[in-house]
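Could you look at this predicted model? Sequence included:
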Amino acid sequence: MGALVVLTAASAPARSDERPVRLGPVGPNEAILTTVGNKNVIAFYVPGGGHCNIRVVMNDRTDASGDSAVQVRVGLNPRESILIDAGDNDTLNLKCGENAATLAVVDSEI
């Protein structure tokens, strides 16, 4: 099993049309913001019963109306992760932190 590395970033967009990026770790009700392939992604979680109750909303980057938006809801145990396919062989990997205290985008390829 490969090691998991938590990627962190918090940066202001260089241009007004660029989306901000935040890969975590984030705490409860704080948003992870990223793009995966041609999808905008917003993910957050609410702790409950020692789990990360995650919501992920994705929409096409070219869809200004939001009509293409889809939502995924899942509960994870601490230290569990989930892979969410965004199409075109692009995948988002989210991991619930120790004691369900954080959520982060992780890289499972390393």
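Everything's here; your move.

For D88, which non-adjacent residue is closest in space?
Once flanking residues are discounted, D88 sits nearest to G37: 4.7 Å by CB to CB, 6 or more residues apart in numbering. Quick note: C-beta positions are derived from backbone N, CA and C, even for glycine.

Can you pull the phi and psi angles for that neighbour?
For G37, the backbone dihedrals (degrees, to the nearest 10) come out as phi 60, psi -130.

My guess is it contacts D90. True?
Yes - counting by CB atoms under 8 Å, G37 does reach D90; the two are 3.3 Å apart.

For those two, indicate the residue with more neighbours.
A count of neighbours by other CB atoms under 10 Å puts G37 above the other of G37 and D90, at 16 against 13.

State the pLDDT value of that one.
With respect to pLDDT, G37 has a value of 91.

what residues are up against it?
Contacts for G37 (CB atoms under 8 Å, 6 or more residues apart in numbering) come out as A86, G87, D88, N89, D90.

Among the residues you listed, which pair sits farthest apart?
Spatial extent of the contacts of G37 (CB to CB) is set by the pair A86 and N89 at 9.1 Å.
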